[in-house]
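Enquirer: Here's my sequence, what's the structure:
(2 chains)
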2 protein chains.
Amino acid sequence: MKIPPVKGTRDFYPPDMAVHNCIVDGWKKVSLRNGFEEYDGPIFEYLKMFQIKSGDEIVEQLFSLTDRGGRDLALRPEMTPTLARMVNQQINSLPRPIKWFSVPRLFRAERPQKGRLREFFQWNIDIIGEDSVLADAEVIFTTIDYLREVGLSPQDIVVKVSSRKMLKGVMKSIGIPDEKIPPLYALLDKKNKLPFETFEKTLNDLIRDSKMANEVKEFVGCGDIRRIEEKYGHEGACDILELMALLQEMGVADYCVFDPGIVRGLAYYTGIVFEIYDKADELRAICGGGRYDNLLADFGGLAVSATGMGMGDCVLEILLREKGLLEEQLPRLELDYFVAYVDEQVKQNAIRLTMKLRSAGLAANFSYKAAKLGKQLKQASDQNARKCIIIGDEFKDGKLTIKDMATGEQKLVNYDEFLSGLGNGREEK
Amino acid sequence: MKIPPVKGTRDFYPPDMAVHNCIVDGWKKVSLRNGFEEYDGPIFEYLKMFQIKSGDEIVEQLFSLTDRGGRDLALRPEMTPTLARMVNQQINSLPRPIKWFSVPRLFRAERPQKGRLREFFQWNIDIIGEDSVLADAEVIFTTIDYLREVGLSPQDIVVKVSSRKMLKGVMKSIGIPDEKIPPLYALLDKKNKLPFETFEKTLNDLIRDSKMANEVKEFVGCGDIRRIEEKYGHEGACDILELMALLQEMGVADYCVFDPGIVRGLAYYTGIVFEIYDKADELRAICGGGRYDNLLADFGGLAVSATGMGMGDCVLEILLREKGLLEEQLPRLELDYFVAYVDEQVKQNAIRLTMKLRSAGLAANFSYKAAKLGKQLKQASDQNARKCIIIGDEFKDGKLTIKDMATGEQKLVNYDEFLSGLGNGREEK
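Expert: Numbers count the residues shown, from 1 in each chain, chains lettered A, B, ... in the order given. Below you'll find the model as predicted:
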């Protein structure tokens, strides 16, 4: 009986796993050097936890399940609710600012599309307990630090920043009534995915006041924060100005532009928001993030400010592949030694030697059969062995041949001496 | 609104995550040096996939869910079905033997107990396409190679080996009818968890022939494989004798004993089986494994032999903690530099310098506020910084102080020279 994998999930065969590990290791390395500590939580949580943050409509997009006690659970579609729960549990004992990162496996019960699967991984970084724009800037810096590390330049990607505080102020100035704010944000968030005519028509239908609608359009199209400051006042604009100055100081301003069209769909953002796109604008957002100062309180905790970012692995992998940046970074599986032997009579010596090498902390492999030497040397080469030890004719005189697989150079060594050198882990490598 | 985590799951706060990473990194390192390649599969699969291997009774122990298309899915309770599915898909293009490992996250809808949670991690290693006992021996060696690496000696743990082939032969010799074999195996598997009287009574009730029942009891209590060979013949016993000789050759025989009471609950084992226990016998099995030559065919593939092992993280962590072997192995979060500064006026220099350090690949952190120097030095020390850069009074002369946090030694360096040294990543470390 043959059973396929579930649609929208991935099998990671060793070559795929190497790609996956390369991405995850990069995320971890950059997080650590930026002073973030790793955490993780359970794959499933109480269903209602996700409803608190995203409302009932989220339920449709969740893989939900019921346990034997009849509890409603769901596979986590994002990490932030778990983060809020965990931080709230220990808020009094954690030194602030809390700088944490995680690489959770997440799930969305959606139709799979390019760059969007039902099971994926996401790099999350968050700074909690620090309300200055410096924290937002550090989140953006850390994100760019990774993308730059893997070879993406300002010619490849653009970081679009805006502010929900500013957006709120501007909408108020224009005179948009409160009840129209949420649908308007949802529309603005979709703007770049819609044909302009559709956007315009939906906007007019929503606002029902052509002067206001025009002002919104004009605002959204304005990339000059100084002009917005002049027109709508300093509040709101000032946090973007401060952010831009910090990103300049940090050496990453060449990646960043102000874009008032950046809203982030989720209702919970309160300050600086940002999204990163490929310059060719052919893919979904590479990542997104921003400030969410009310979330911990919404989860029953204290009013503690927070800002963070999430980057999925799917779009990133597509982009890295397109730019040819993936293959060169892949670490190849490597052996220190491959142990070859010419006949079954000395097989037990090959076994003993291989296990001695491994026990001494060296990566070593051997053939299960005394195949022809050429075939075993090919195995050694296929497995990227640096050296091949050959237990051959000279073994009856107590000698091994060691072949350097890169140079082809061979030398004879004394078996007993080689073995005893391994014992204390001080063998030549 | 406060919501707790789901019972039987774990929150990994940074100190817990460090322990978790330490265990997983050890598994990965030892797998790689033993020539295994990493793979992974989806968290959920079609429910029926798990029924193929373990029958309908497994459904009770699964977290099952239905997707929006009405498909019955389940969170994976073990990795082997996914492994069988993946290997079957590519059996013709994979060079054999296939030596793969994985560290899947697994789920069981059971009542949580000590060492047994509803969500856990499990190290899996498997060798596919090699039917010699050498493959079984290599699986056992690799498992011990890890346990020895983390400091567990033959005084701490014991590897109990047996053979399902031998067991089958012996049961046939004794005259146990075929239909009683499965319940008898299930009983033998539970033997060590039951009071002896209960075991004896259940055995007598099952066999209903006191001569046969006594023979079974005698066999199960016999730790001498030579005596079993004499009494029941060479077949079956011979693979254990070969295994023991190989484990001797591999240098791990001091961990291993023959124990005919080892059965492994699952019906699908066909040859060598083994389980590892703490010597004090206070915990559940640390791991278990064995040969399962029919599974790939059961999953719709070719008849390809296989042998493998699974080790969960929960019992292992308890044991390592009890033996005091965990704390010393934990890598501490470490910074190359902490950047301190004495007043807000030079804050932007501290920011610029910190980001330069990070961009150059160094782990660096800084204070969000120009707190008193003593407080910042404490922060540096709490974050295990090797060095602390102080932007102090001498900064107006273009100088930085660098303090070695281990020795307390301080020296003055030129700011511009230090910065330009970072540019090419060749800074002093």
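
Enquirer: mind listing the helices for the stretch 251-400 of chain A?
Expert: Assigned by DSSP state H, counting those that start in this stretch, the helices in the stretch 251-400 of chain A fall at A:295-298, A:313-322, A:347-359, A:373-382.

Enquirer: Let's have those helices in a markdown table, adding distance to B:Lys217.
Expert: From N, CA and C alone the C-beta is placed, and that goes for glycine too. Shown next, in a markdown table, are the helices of the stretch 251-400 of chain A (distance: least, C-beta to C-beta, whole Å):
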| stretch | distance to B:Lys217 |
| --- | --- |
| helix A:295-298 | 62 |
| helix A:313-322 | 55 |
| helix A:347-359 | 37 |
| helix A:373-382 | 48 |
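
Enquirer: Out of the ones you listed, which gets nearest to B:Ala385?
Expert: Smallest distance to B:Ala385 across the helices of the stretch 251-400 of chain A (C-beta to C-beta): 28.4 Å, for helix A:295-298.

Enquirer: For chain B, find the nearest of the helices of the stretch 251-400 of chain A.
Expert: Nearest to chain B, of all the helices of the stretch 251-400 of chain A, is helix A:347-359, at 4.3 Å by C-beta to the nearest C-beta.

Enquirer: Can you tell me what sits against that closest one?
Expert: Around helix A:347-359, the neighbours that count as contacts under C-beta atoms under 8 Å, 6 or more residues apart in numbering or on different chains are A:336-337, A:339-341, A:364-367, A:370, A:389, A:391, A:395, A:400, A:419, A:422-423, B:33-34, B:134, B:141-142, B:145, B:148, B:246, B:249-252.

Enquirer: Return the set of buried residues in that helix.
Expert: For helix A:347-359, the neighbour count (16 or more other C-beta atoms under 10 Å in any protein chain shown) marks A:347, A:349-359 as buried.

Enquirer: Now do it, average pLDDT.
Expert: Averaging pLDDT along helix A:347-359 gives 95.

Enquirer: Tell me how far it lies from the chain's centre.
Expert: Taking C-alpha atoms, centre = their mean, to the nearest Å, one finds helix A:347-359 lying 40 Å from the centre of the chain it belongs to.

Enquirer: Specify the beta-bridge partners of the nearest residue to A:Gly288 once chain neighbours are set aside.
Expert: Distances taken as C-beta to C-beta, 6 or more residues apart in numbering or on different chains place A:Glu275 nearest to A:Gly288, at 4.3 Å, with adjacent residues excluded. Counting by DSSP bridges, A:Glu275 forms beta bridges with A:Lys160, A:Gly288.

Enquirer: does A:Glu275 really touch A:Arg284, like I thought?
Expert: No - A:Glu275 is beyond contact range of A:Arg284, at 9.7 Å (criterion: C-beta atoms under 8 Å).

Enquirer: Neighbour count for the two, which is higher?
Expert: Neighbour totals were compared for A:Glu275 and A:Arg284, and A:Glu275 leads with 24 against 17 (other C-beta atoms under 10 Å in any protein chain shown).

Enquirer: Okay, the more buried one and B:Ser359: tell me how far apart.
Expert: A:Glu275 is 22 Å from B:Ser359, where distance means C-beta to C-beta, to the nearest Å.

Enquirer: tell me the pLDDT at the nearest residue to A:Trp27 once chain neighbours are set aside?
Expert: Of all residues not flanking A:Trp27 in the chain, A:Trp123 sits nearest, at 4.2 Å (C-beta to C-beta, 6+ apart). A:Trp123 is assigned 98 on the pLDDT scale.

Enquirer: so when I look at A:Trp123, I'm seeing a helix, right?
Expert: No - read with DSSP: H, G, I helix; E, B strand; the rest coil, A:Trp123 is strand and lies in no helix.

Enquirer: burial count for it?
Expert: Residues near A:Trp123, counting by other C-beta under 10 Å: 26.

Enquirer: do the one 4 residues further on as well
Expert: Taking other C-beta under 10 Å as the neighbour definition, A:Ile127 ends up with a count of 27.

Enquirer: Now do the contacts for it.
Expert: The neighbourhood of A:Ile127, defined by C-beta under 8 Å, 6+ apart, consists of A:97-99, A:135, A:138-139, A:306-308.

Enquirer: give me phi/psi at the nearest residue to A:Glu78 once chain neighbours are set aside?
Expert: Nearest non-adjacent residue to A:Glu78, counting by C-beta to C-beta, 6+ apart: A:Leu106, 6.1 Å away. Main-chain dihedrals, A:Leu106, degrees, to the nearest 10: phi -120, psi 160.

Enquirer: what's across from A:Leu106 in the sheet?
Expert: Per DSSP bridges, the residues bridged to A:Leu106 are A:Phe120.

Enquirer: thought it was touching A:Arg118?
Expert: No - using C-beta under 8 Å, A:Leu106 is not in contact with A:Arg118; the gap is 9.6 Å.

Enquirer: Contacts only, for the residue positioned nearest the centre of chain A.
Expert: In chain A, the residue lying closest to the centroid (C-alpha atoms, centre = their mean) is A:Trp123, at 3.1 Å. Taking C-beta under 8 Å, 6+ apart, we find A:Trp123 in contact with A:27, A:31, A:101-103, A:146, A:287, A:309-311, A:313.

Enquirer: Nearest to B:Gln113, out of the residues you listed: which one, please.
Expert: A:Ser102 (27.5 Å).

Enquirer: Please tell me how far that closest one sits from chain B.
Expert: Using C-beta to the nearest C-beta, to the nearest Å, A:Ser102 is found at 8 Å from chain B.

Enquirer: May I have the residues that are in contact with the closest residue to that residue other than its chain neighbours?
Expert: Excluding the flanking residues, the one nearest A:Ser102 by C-beta to C-beta, 6+ apart is A:Asn124, at 4.8 Å. Listed by C-beta under 8 Å, 6+ apart, the contact set of A:Asn124 reads A:79-80, A:83, A:101-104, A:308-310.

Enquirer: now with 6 Å?
Expert: Under the criterion of C-beta atoms under 6 Å, 6 or more residues apart in numbering or on different chains, the neighbours of A:Asn124 are A:79, A:102, A:310.

Enquirer: Could I get the contacting residues of A:Leu246?
Expert: Going by C-beta under 6 Å, 6+ apart, A:Leu246 touches A:Ala137.

Enquirer: Next one: the closest residue to A:Glu334 other than its chain neighbours from A:Pro331, what distance?
Expert: Distances taken as C-beta to C-beta, 6+ apart put A:Asn384 closest to A:Glu334, at 4.7 Å, once the chain neighbours are dropped. Using C-beta to C-beta, A:Asn384 is found at 10 Å from A:Pro331.

Enquirer: What of A:Thr9?
Expert: For A:Thr9, the distance to A:Pro331 - C-beta to C-beta - is 25 Å.

Enquirer: Comparing those two, which shows the higher neighbour count?
Expert: Each of A:Thr9 and A:Pro331 has its neighbours counted (other C-beta under 10 Å); A:Thr9 has more, 18 against 9.

Enquirer: And that one, its phi and psi?
Expert: Dihedral pair for A:Thr9: phi -110, psi 170, per degrees, to the nearest 10.

Enquirer: That one contacts B:Pro42, doesn't it?
Expert: Yes - counting by C-beta atoms under 6 Å, A:Thr9 does reach B:Pro42; the two are 3.4 Å apart.

Enquirer: Give the residues shared as contacts by those two.
Expert: A:Glu119.

Enquirer: What are the boundaries of the helices in the stretch 51-200 of chain A?
Expert: Counting by DSSP H, counting those that start in this stretch, the helices of the stretch 51-200 of chain A are A:80-90, A:133-149, A:164-174, A:181-190, A:196-207.

Enquirer: mind checking the end-to-end distance for stretch A:211-230?
Expert: End-to-end distance of stretch A:211-230 (C-alpha to C-alpha, to the nearest Å): 19 Å.

Enquirer: That stretch - what's its average pLDDT?
Expert: The pLDDT scores in stretch A:211-230 average 92.

Enquirer: For it, which residues meet the burial criterion?
Expert: Within stretch A:211-230, the residues scored as buried using 16+ other C-beta under 10 Å are A:212-213, A:215-217, A:219-220, A:222, A:225, A:228-229.

Enquirer: again with stretch A:103-122
Expert: Buried residues in stretch A:103-122 (16+ other C-beta under 10 Å): A:103-109, A:115, A:117-122.
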